[in-house]
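*Asks:* Next comes the sequence, and after it the predicted model I'd like to discuss.
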Amino acid sequence: MSDIAIAEVGAADGSENSRQADWVPIHFDLRDTWFPVAFSADIGTQAVRRIVHAQPYYLWRDRGRLRAAEFRPDQLEPLRRSATAFTGGTGHYPVTERYGYVWAWYGNSDNADLALNPCIPFLPVDGSKIPRYTQRTVRFDAASPLSVENLIDLTHADFLHANAIGDGRCESDIVEVQSTSETVTRTRIVTRKSVAPVMRWIGGVRAKYQDLRAVLHVHLRNNLAISYPSFSSGYAIPNVQPFVPVGRHRSRVDQTNYTVAAPAPFRWLMPRISYVIQPQDNAVLRPQNERYFDADGRRDLSSRFDAPGNRYRLLMRRLAERQRQGDFSYAADANPSADISVVLGMNG
Ligand SMILES: [Fe+2]
């Protein structure tokens, strides 16, 4: 790799110093957010259970109507009196369907607001038009924020996934980070990169090198990672990775690799690459997870390449601190449902 530059753009308040961003564990589950708890297509009349943090979510359709409850359908009446504040004592969570996902609210149900449901501009809002071959489920043996940090780490793919999505050889590699109080956006611009092997094998790309512009947009409260990597020569491979926390040591990720515009057979085979990539990521995440929750007094060693990850840690800490003090509101600079097609660079 040569000529790598990190550009800091638009700091949250301009005052942060990435060198002091040592990790302080967040023993706080961020609340008041929509989690994409399941693919819509996976929910039928038979109830399925999902876990968000330690809270159970039973999902089913009752005469076509989507339900999300704290208890199994047959136990809803007998147990309703023990319903928690997560459902406002009703047993039912606020729930909606968009982009092929069932979104359930985690937090104070009085604060549930569709205007806080994230925008995923490359997916049809009406998920019924999203092909099943784009949807895959994987699991990671690590806390969701650790998985997000792994994804934000700009260089990890070049090492861990070189055999599938390409090594680190390139002419130049620029990384920029932007943020709000609720999101981190990392933009990576690479010129003359070795063509991703998977694109050469099955993606119809004949060139030896390609330019890449990859935008990763992360929502902090629900660990929703929205990516728009665009290759030339080649095409864009927009994807969604929602790291839904299943306790401290596991996340469930219902991924959408929206390859519909890519040539065949890449279109159908690329989403299956999750099954190659997930074990590679998991092999490094799993042993790290225990230490992720312990502050051991050692200072983090970070280079300028870690700026996006450090920004993420700083913002997560701020958000956790606010929530610890009882403030679950969204600040004026945050607008989860805003159209991010320009942020993602979808318009060229
Ligand atoms: Fe990875």
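*Replies:* Everything's here; your move.

*Asks:* When you work out contacts or count neighbours from here on, use the C-alpha atoms and nothing else.
*Replies:* Will do.

*Asks:* All the helices of the protein, residue numbers only.
*Replies:* 76-79, 144-152, 156-160, 162-165, 197-202, 266-269, 274-292, 307-324 (DSSP state H).

*Asks:* Mean pLDDT, distance to Gly88 and mean neighbour count for the ones you listed - can I get that in JSON lines?
*Replies:* Listed next are the helices of the chain as JSON lines, based on pLDDT from 0 to 100; distance: least, CA to CA, whole Å; neighbours: other CA atoms under 10 Å:
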{"stretch": "helix 76-79", "mean pLDDT": "94", "distance to Gly88": "14", "mean neighbour count": "12"}
{"stretch": "helix 144-152", "mean pLDDT": "92", "distance to Gly88": "26", "mean neighbour count": "21"}
{"stretch": "helix 156-160", "mean pLDDT": "73", "distance to Gly88": "42", "mean neighbour count": "16"}
{"stretch": "helix 162-165", "mean pLDDT": "73", "distance to Gly88": "46", "mean neighbour count": "16"}
{"stretch": "helix 197-202", "mean pLDDT": "84", "distance to Gly88": "48", "mean neighbour count": "16"}
{"stretch": "helix 266-269", "mean pLDDT": "91", "distance to Gly88": "42", "mean neighbour count": "18"}
{"stretch": "helix 274-292", "mean pLDDT": "84", "distance to Gly88": "32", "mean neighbour count": "15"}
{"stretch": "helix 307-324", "mean pLDDT": "92", "distance to Gly88": "19", "mean neighbour count": "20"}
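
*Asks:* Any chance of CSV for these, columns distance to Tyr235?
*Replies:* Converted to CSV, the helices of the chain look like this (distance: least, CA to CA, whole Å):
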stretch, distance to Tyr235
helix 76-79, 48
helix 144-152, 21
helix 156-160, 19
helix 162-165, 14
helix 197-202, 10
helix 266-269, 11
helix 274-292, 19
helix 307-324, 25
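
*Asks:* Gly107 is nearest to which of those helices?
*Replies:* helix 307-324 (11.1 Å; CA to CA).

*Asks:* which residues sit in contact with Gly204?
*Replies:* When contacts are counted by CA atoms under 8 Å, 6 or more residues apart in numbering, Gly204 touches Pro263.

*Asks:* Tell me how far it lies from Pro265.
*Replies:* Computed with CA to CA, to the nearest Å, the distance linking Gly204 and Pro265 is 9 Å.

*Asks:* And for Asn163?
*Replies:* Counting by CA to CA - Asn163 and Pro265 are separated by 19 Å.

*Asks:* And for Phe86?
*Replies:* 44 Å.

*Asks:* same question, Gly166
*Replies:* Distance from Gly166 to Pro265, by CA to CA: 19 Å.

*Asks:* ok, Leu76 - contacts?
*Replies:* Contacts of Leu76 by CA under 8 Å, 6+ apart are 69-70, 91.

*Asks:* just checking, which of those residues belong to strands?
*Replies:* Taking DSSP state E, the ones among the contacts of Leu76 that sit in strands are Ala69.

*Asks:* any chance of the contacts of Leu76 in CSV, with neighbour count, pLDDT and distance to Trp34 too?
*Replies:* CSV is the format used below for the contacts of Leu76 (neighbours: other CA atoms under 10 Å; pLDDT from 0 to 100; distance: CA to CA, whole Å):
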residue, neighbour count, pLDDT, distance to Trp34
Ala69, 25, 98, 15
Glu70, 26, 97, 16
Gly91, 22, 97, 17
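
*Asks:* Does Gln280 touch Leu160 like I think?
*Replies:* Yes: in terms of CA atoms under 8 Å, Gln280 counts as a neighbour of Leu160; the distance is 6.3 Å.

*Asks:* For the chain, which residue occupies the most central location?
*Replies:* With distances taken as CA atoms, centre = their mean, the chain has Ala225 as the residue nearest its mean C-alpha position (2.4 Å).

*Asks:* which non-adjacent residue is nearest that residue?
*Replies:* Closest residue to Ala225 apart from its sequence neighbours, by CA to CA, 6 or more residues apart in numbering: Val218 at 4.5 Å.

*Asks:* Counting neighbours, what do you get for the one you found?
*Replies:* Residues within reach of Val218, counting by other CA atoms under 10 Å, total 25.

*Asks:* gap between it and Glu70?
*Replies:* Counting by CA to CA, the gap from Val218 to Glu70 is 28 Å.

*Asks:* show me the contacts for Arg49.
*Replies:* 56-59.

*Asks:* among those, who's most crowded?
*Replies:* Neighbour-wise, those (other CA under 10 Å) top out at Leu59, 30 neighbours.

*Asks:* these two touch, right, Gly234 and Val205?
*Replies:* Yes: using CA under 8 Å, Gly234 is in contact with Val205, at 6.1 Å.

*Asks:* so what's in contact with those two at the same time?
*Replies:* If you check Gly234 and Val205 against CA under 8 Å, 6+ apart, the residues they both contact are Met199.

*Asks:* the residue most distant from the middle of the chain, which is it?
*Replies:* Pro78 (36.4 Å).

*Asks:* give the contact list for it.
*Replies:* Per CA under 8 Å, 6+ apart, neighbours of Pro78: none.

*Asks:* what about the strands in the stretch 201-348 of the chain?
*Replies:* 209-219, 224-232, 239-245, 251-257 (DSSP state E, counting those that start in this stretch).
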